[in-house]
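In: coordinates only, sequence not included:
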């Protein structure tokens, strides 16, 4: 945020001020030369010319207003995108929607960039146009007076006027020099970042900027996938999970959280990770997901390291955590988030997934529940309903690997039992990893890992 919001902005200010200072210097030199002519201006020609200038300024102001009203909305979309991905980073990573979020964010940035550049260009023209035309007008009037009119009374007035403009140019140059001094540290940081980057990085970074223009023509950025791998062929079977001789600790001088830990889970089986808060359940889950890397040992999912497996866009994944991971939009938008192209996301499929997640009461209360709008916090839904909505999203995707992290934390016993039954029906078609401290979700699991037993 510092680089985008401060360094880039002030670097642009530095370059802009440098250019403006050059123009002010040229203007001052021209005015200085004109004072040597000792000339004056003609009122009639001046009035006609300024009427023309006024019409142009009014036209520019109308365009400025059109662009200015769009900028707050463009900024809001950027901020909402940052907030959504920051709050839902784990869901985004597991469902491999980084490329989708990245591409969407780049296009929001391009939209804002186009508007900002157009506004800056129009505002600059608006500010400079009177001075620019006024300068040439003075030159014209001096030329007319010298070669065609010989009005001696205007000599002093012309000289005084040009002198005043000259002092204005010098004053403006001094202000620009102050801005240059203030923005120079940011320019230095930006220059160092550019110097330290490789040629390939500079080429990749310049691609979005090539889509920016000041003429209002929209051109979307086409993102090259960085976070997902589309080269794998579609996988129809649930993946196996193997952890062998795993050691993991957060600090080298303390006892490891996991020591010489091994487990093997065949495709389609269900495993439960249980233990009290702070025992290491999330640590073990983080190792399986490739978020944490063990200091020793091997982690393989379907024979691949986790970081490689979770990049594979062809594998359908589902995740439900203690946080609901909802975003602003309709219920249907939230359910369909992260679903692969091969998944049925029709209204019927969405409603069926909600029923599987024990959300029948929402459907009965509102038959058009899929079109219901919610915000980032899911206001109007209970904590349990939010969590079950996350489960419905996972079930809609027909996952081959399903991660349930304390999914029943906000559920009553009867609802938990119903969801446990639903999850049990996924055996054989889906490998399931359940993290929980409640017995209800563990009724049908094939294996149970008790973290406290590992530490004995």
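Out: Okay, I see it. Note that this is a predicted model, so its numbers are computed, not measured.

In: Can you show me the strands along the chain?
Out: 241-248, 258-265, 270-274, 296-301, 317-320, 329-330, 373-374, 401-405, 431-435, 447-450 (DSSP state E).

In: what about those strands, which gets the closest to residue 353?
Out: For those, proximity to residue 353 was assessed by CB to CB; strand 317-320 is nearest, at 10.5 Å. Quick note: C-beta positions are derived from backbone N, CA and C, even for glycine.

In: Now residue 262. Nearest residue, chain neighbours left out?
Out: Leaving aside its sequence neighbours, residue 262 sits nearest to residue 244 (CB to CB, 6 or more residues apart in numbering; 5.0 Å).

In: residues touching that neighbour, list them.
Out: Residues near residue 244 by CB atoms under 8 Å, 6 or more residues apart in numbering: 262, 297, 298, 299, 300.

In: Do you have the helices of the stretch 101-250 of the chain handy? List them.
Out: For the stretch 101-250 of the chain, the helices defined by DSSP state H, counting those that start in this stretch occupy 154-196, 199-209.

In: if we look at the shortest one, which residues are touching it?
Out: Pointing back at helix 199-209 there. Taking CB under 8 Å, 6+ apart as the rule, helix 199-209 contacts 106, 109, 110, 113, 194, 197, 221.

In: Report the buried members of those residues.
Out: By neighbour count, with 16 or more other CB atoms under 10 Å, the contacts of helix 199-209 hold 106, 109, 110, 113, 221 as buried.

In: Out of those, which comes closest to residue 422?
Out: Of those, the one sitting nearest to residue 422 (CB to CB) turns out to be residue 106, at 38.4 Å.

In: The closest one contacts residue 224, doesn't it?
Out: No. Assessed by CB atoms under 8 Å, residue 106 is found out of contact with residue 224, at 10.9 Å.

In: Could you pull out the buried residues of stretch 94-105?
Out: So for stretch 94-105, counting by 16+ other CB under 10 Å, buried means 94, 95, 96, 97, 98, 99, 100, 101, 102, 103, 104, 105.

In: for the stretch 351-456 of the chain, what spans make up the helices?
Out: Going by DSSP H, counting those that start in this stretch, the stretch 351-456 of the chain shows helices at 360-365, 383-396, 413-424, 451-454.

In: Out of the ones you listed, the one nearest residue 374 is which?
Out: Nearest of these (CB to CB): helix 383-396, 8.8 Å.

In: tilt between the closest one and helix 413-424?
Out: With axes from the mean of the first three to the mean of the last three CA atoms, to 10 degrees applied, the angle from helix 383-396 to helix 413-424 works out at 10 degrees.

In: May I see the buried residues of helix 383-396?
Out: Neighbour-count burial for helix 383-396 [16+ other CB under 10 Å]: 384-396.

In: Closest one to residue 210 out of those, please.
Out: Once CB to CB is applied, the member of the buried residues of helix 383-396 that ends up nearest residue 210 is residue 393, at 36.2 Å.

In: ok, the closest one touching residue 337?
Out: Yes. At 6.5 Å, residue 393 counts as touching residue 337 under the criterion of CB under 8 Å.

In: shared neighbours, the two?
Out: By CB under 8 Å, 6+ apart, no residue touches both residue 393 and residue 337.

In: Which among the contacts of residue 244 count as buried?
Out: For the contacts of residue 244, buried by 16+ other CB under 10 Å: 297, 299, 300.

In: Nearest to residue 10 among those residues?
Out: The nearest one, if we look at the buried ones among the contacts of residue 244 relative to residue 10 and count by CB to CB, is residue 299, at 44.7 Å.

In: hey, what's that closest one bridged with?
Out: Beta bridges link residue 299 to residue 243 when assigned by DSSP bridges.

In: got a markdown table for the contacts of helix 199-209, with distance to residue 363 and pLDDT too?
Out: Formatted as a markdown table, the contacts of helix 199-209 follow (distance: CB to CB, whole Å; pLDDT from 0 to 100):
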| residue | distance to residue 363 | pLDDT |
| --- | --- | --- |
| 106 | 37 | 91 |
| 109 | 39 | 89 |
| 110 | 40 | 90 |
| 113 | 43 | 87 |
| 194 | 55 | 86 |
| 197 | 53 | 86 |
| 221 | 39 | 76 |
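
In: Mind putting those residues into a markdown table with distance to residue 81?
Out: Shown next, in a markdown table, are those (distance: CB to CB, whole Å):
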| residue | distance to residue 81 |
| --- | --- |
| 106 | 10 |
| 109 | 9 |
| 110 | 13 |
| 113 | 14 |
| 194 | 26 |
| 197 | 24 |
| 221 | 14 |
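
In: of those residues, closest to residue 25?
Out: For the contacts of helix 199-209, the nearest to residue 25 is residue 194 (26.8 Å; CB to CB).

In: Out of the contacts of residue 244, which comes closest to residue 11?
Out: residue 299 (43.1 Å).

In: Does the closest one touch residue 288 like I think?
Out: Yes. Contact status for residue 299 versus residue 288: in contact at 6.9 Å, counting by CB under 8 Å.

In: what sits in contact with each of these two?
Out: Counting by CB under 8 Å, 6+ apart, the residues touching both residue 299 and residue 288 are 243, 306.

In: export the buried residues of helix 383-396 to a markdown table and tack on pLDDT and distance to residue 293?
Out: Below are those laid out as a markdown table (pLDDT from 0 to 100; distance: CB to CB, whole Å):
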| residue | pLDDT | distance to residue 293 |
| --- | --- | --- |
| 384 | 84 | 34 |
| 385 | 88 | 36 |
| 386 | 88 | 31 |
| 387 | 85 | 29 |
| 388 | 88 | 33 |
| 389 | 92 | 32 |
| 390 | 90 | 27 |
| 391 | 91 | 29 |
| 392 | 94 | 32 |
| 393 | 93 | 28 |
| 394 | 92 | 25 |
| 395 | 92 | 30 |
| 396 | 93 | 31 |
